[in-house]
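Chemist: Predicted model follows, preceded by the sequence.
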Amino acid sequence: MRWSVHSVRAVFLTTLLLLVLLPTSTGQASPSENHEQHRYTIALIPDEPSSIAVDADSNTSALLSWTCSSCSATVDDAEAHITTSEHGAFMVSVHIQQEESVEVSFTSSIAETLTLMVLKNIDDEHQHALRPSPETDAISAPLTVCALPTDCVNASLGHLASTDTSADDAAVVHTGDVEVAEDEYMVFNASKGDTLEWQWLASTHTTNLQVYHQTDQAEVLLSGGFSSGDAFSRLHQETPTSEYWTAPDDGRFVARISTDDARALWAAHVFLHPYRPVESLVGFDLTQPASLVGHGNTTSPFDWSQMEVMKVRATTSAIEISVDQLLNGVWVEGPKSVLQPDEVLAVYPYPDVNVGRIHMLNAPVFAVEVYTERFGDNNGSDAPSYLPPNLEAENTSWPIVNLSEATQGELTLAVHDTTDTYRIVVDGWEDSIHFVQFVVDGQIEGLELQLWDIDQTTSETLATDITQPVGDQLKIGLQVGRGTHYLQLRFQNTSDATPHLWGEDVPSRPYVIQPSYSLIDEGEEPWFPPSDDAVYWGNIARWFMGILFLVPVLYLAIHVQRSKTYAASVAEKKQRLAWYTSRLDSGESNVKQARTDMAKALHAVAQLEWQDGLEAWGPKRIEHRTEDVALAVWSVDERLAKQEGAWPVVVGVHVINGTWDLAALRFDAPEGEGYEVVNVEPRFLFQGEEVFLDTMGPGHRTYLVVELSGTAPHVDLELNGRMDGAPFAARIPESLLRQGLNS
């Protein structure tokens, strides 16, 4: 028999769904809680059935609900112990009297995606049949505990119902089978202020919920019932619907589930939100909006600058809010306001307030956005409404108008700010004369400008001018001397500008001050002869700086002398490489000490004459000399290599004539595997089998230790580069034998 491609695909999907629905844990759990995934998506192929198998225990029910546009479901209820009931077009319940795997098939006339919810092992034996009395112990049902509000509530989704990611795991799904004359009860332990949240997941018939709260001595029926309708499924809701109850005291919630129909299967999610009376915003940068999410009455303290307006916006639902201010150590309570979604409450601080607190009131769940906006002048400081008494008084509170760029500000009418006063600082020589002019841009109706020229000795007013708008322009100008002067922008009639109460949220009057400046007379340039103290300390400073400049010269001289002394000691000790080997053999020195001494010797030997340097390293070398350059190379004890297994060699280069640039040493293995340079001392650039040297002039001598990695028995050395701009190369005709390999 040949199967079509569609048939093979259908069988594959069916097998995959069967595997997904098989239990994956051997742990035991209450049958009233389903510990398996209960929501699936199935890709339906036109006119081809897709089947799933629902494994159910004996004497239990299964509830299936789905969403699609053109699909239908068929339950294999041929067995006598299986009873199927339809509830609308998208729900079916199955009662199984014996343990069975029930097959359910779905077909559709179009290609579409089916969302399926499967709830199984539903019975009436795992809830309390009677409501426990307050003094009676009762088993508490498990629920999802949201330690933080944001663990379960995501206000960006547009609703405040909990959407804990584990909600698709039926470990937090409660199910039941309730009859008209036999109510079911569930118990949830809770502390004072904790919030219980209930979400209906599905029900075959109308199911009602009432919630009691019990302490050890008393019971009270909490207001707010919650019902689930006929053939209700969460799959058919755009957003989940929740109901909330807050614990008035330490104790427990008792949920009563009932129905007016003969029988109803139901399922629900249950969440517990522990009471968090304080959500602190202290230390937060509220210039960026902060989101507050919570349950029940909550207080949020925050840092508050008297130059910032606090704004609170209700994001998704109505909320009652009040904002208190800490003034002189006493909390001043703010009025209560009910904010509708997207409505903003603006609260201005009293003078000298630096701390506030927000109260979220009478809301089982809330989400608000909190942020501050500065309303000051000129970089956030508020310009005073008056002039300082004199020039000697502290005047840093008066912002400075920059004479070379615009100054922005605002008259904040909400706090009855109707006057702004600025400092003008003019720099110049004695008896200089300056002309300053200011133009105010913005809504200038009802405003006026005043400018004062202040005597810098007596603080008296030498001249002043007041201007009001002419047409659509408000401008003022005045000749002033050098020093500090003042500019004031104000309302002509303050009472007309502030008919409202202090702190009422009314629009501010923003403005921009455009300055212009010109020098009329530069005055006389001052000259001050130096004092005797300046002359005295100037001489001391010159001697001190001169000595400091000589310190590097002295240090260089000492360093050169030490180098020459060390070079002489090296020259006296011939065959230095053999000396290193003998000290290592005898144990007088370790490898680290020998490497350090050899690194110092490289620089010291370079200061000796070429022949003296050759004798200092030892006779076991190969060398080559031409009219322009001399080369020498020594094999070094391999114990002195930094890289394990490398072959260290000492190379000497002596430039006799000409200037070398782009010079490079190349280590060529005439036979066997080529060598690779793995380390160079002193530090020269290297790559592959080459070491790149610096520019070298006549008389230049340099020595370096090169570590080679390879297995060839010997190596050739050549020097390539440009001498006086022309290509040049020198190669030692004899190969250096690697002693370790030879032996």
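Modeler: Structure's in. What do you need?
Chemist: Which elements pack onto the biggest strand by length in the chain?
Modeler: Residue-count comparison of every strand in the chain, with assignments taken from DSSP state E, identifies strand 509-521 as the longest. Taking 3 or more C-beta pairs under 8 Å, 6 or more residues apart in numbering; DSSP states H and E as contact, the helices and strands that strand 509-521 lies on are strand 407-411, strand 433-442, strand 483-491. In short, each C-beta sits where N, CA and C put it, glycine included.
Chemist: With mean neighbour count and mean pLDDT as extra columns, can I get those in TSV?
Modeler: Listed next are the helices and strands packed on strand 509-521 as TSV, based on neighbours: other C-beta atoms under 10 Å; pLDDT from 0 to 100:
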stretch	mean neighbour count	mean pLDDT
strand 407-411	22	91
strand 433-442	18	94
strand 483-491	21	94
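Chemist: ok so, going back, pull out the buried positions in the longest strand of the chain.
Modeler: Of the residues in strand 509-521, 509, 511, 513, 515 count as buried by neighbour count, 16 or more other C-beta atoms under 10 Å.
Chemist: E320 versus G158, what's the distance?
Modeler: Taking C-beta to C-beta, to the nearest Å as the measure, G158 falls 21 Å from E320.
Chemist: Comparing those two, which shows the higher neighbour count?
Modeler: A count of neighbours by other C-beta atoms under 10 Å puts E320 above the other of G158 and E320, at 16 against 11.
Chemist: strands paired with whichever helix or strand that one is part of, and their directions?
Modeler: Mapping E320 onto the secondary structure by DSSP states H and E places it in strand 319-327. The pairing partners recorded for strand 319-327 under DSSP bridges are strand 330-332 (antiparallel), strand 337-339 (antiparallel), strand 355-361 (antiparallel).
Chemist: And the next helix or strand past the second one?
Modeler: Of the helices and strands lying after strand 337-339 in sequence (DSSP H and E), the nearest is strand 344-347.
Chemist: pLDDT averaged over that next one - what is it?
Modeler: When pLDDT is averaged along strand 344-347, the result is 94.
Chemist: That strand - which strands sit beside it in the sheet, and in what orientation?
Modeler: strand 308-314 (antiparallel).
Chemist: what's next to the partner strand, contact-wise?
Modeler: By C-beta atoms under 8 Å, 6 or more residues apart in numbering, the list of residues contacting strand 308-314 from outside reads 286, 302, 304, 321, 323, 339-349, 356, 358, 366-375, 414.
Chemist: rerun at 6 Å
Modeler: Strand 308-314 is contacted from outside by 321, 339, 341, 343-348, 368-375, using C-beta atoms under 6 Å, 6 or more residues apart in numbering.
Chemist: try stretch 185-202
Modeler: In this structure, residues lying in contact with stretch 185-202 by C-beta under 6 Å, 6+ apart are 63, 65, 127-128, 131, 138, 140-141, 143, 162, 226, 228, 233-234, 240, 242-247, 249-250, 252-256, 267-275, 295-296, 364.
Chemist: Then stretch 283-297?
Modeler: Residues outside stretch 283-297 that contact it (C-beta under 6 Å, 6+ apart) are 149-150, 153, 155, 193, 195, 246, 273, 275, 279, 300, 361, 365, 367-372.
Chemist: At which residues are the helices of this protein located?
Modeler: For the chain, applying DSSP state H gives helices covering 5-21, 149-152, 494-497, 532-572, 576-586, 591-606, 610-617, 739-742.
Chemist: quick one: average pLDDT of the third one?
Modeler: Put plainly, it is helix 494-497. Regarding helix 494-497, the rounded mean pLDDT is 91.
Chemist: do the same with the first one
Modeler: Helix 5-21 carries an average pLDDT of 37.
Chemist: Count the residues that sit near the closest residue to T581 other than its chain neighbours.
Modeler: The spatially closest residue to T581, leaving aside those adjacent along the chain, is D637, at 4.6 Å (C-beta to C-beta, 6 or more residues apart in numbering). Other residues near D637 number 18, with proximity taken as other C-beta under 10 Å.
Chemist: Backbone dihedrals for D637, please?
Modeler: When quoted as degrees, to the nearest 10, the phi and psi of D637 stand at phi -50, psi 130.
Chemist: for G329, same thing?
Modeler: G329 has phi and psi values of phi 80, psi 0 when expressed as degrees, to the nearest 10.
Chemist: what residues go with each domain of the chain?
Modeler: In the assignment given by automatic domain parsing, the structural domains of the chain cover 5-122, 144-273, 290-374, 407-521, 528-572, 574-742.
Chemist: Could you dump these into TSV and include distance to P388?
Modeler: Output for these, formatted as TSV (distance: least, C-beta to C-beta, whole Å):
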stretch	distance to P388
domain 5-122	72
domain 144-273	49
domain 290-374	18
domain 407-521	8
domain 528-572	29
domain 574-742	66
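Chemist: right, and those - which one's nearest E392?
Modeler: Relative to E392, the nearest member of the domains of the chain by C-beta to C-beta is domain 407-521, separated by 7.5 Å.
Chemist: and P132, what does it touch?
Modeler: Contact analysis of P132 by C-beta under 6 Å, 6+ apart lists A138.
Chemist: Please report how far it lies from E676.
Modeler: Using C-beta to C-beta, we find P132 at a distance of 84 Å from E676.
Chemist: Please apply the same query to V293.
Modeler: When distances are taken as C-beta to C-beta, V293 and E676 turn out to be 63 Å apart.
Chemist: Kindly report the same for R621.
Modeler: From R621 to E676 the distance is 23 Å (C-beta to C-beta).
Chemist: Who are the contact partners of A641?
Modeler: Neighbour list for A641: 648, 707 [criterion: C-beta under 6 Å, 6+ apart].
Chemist: W610 too?
Modeler: Counting by C-beta under 6 Å, 6+ apart, W610 touches H654.
Chemist: Just the closest of the buried residues of strand 509-521 to G721, please.
Modeler: For these, the residue nearest G721 by C-beta to C-beta is P515; the value is 66.0 Å.
Chemist: per-residue confidence at that closest one?
Modeler: At P515, the predicted lDDT confidence score is 95.
Chemist: All set, thanks.
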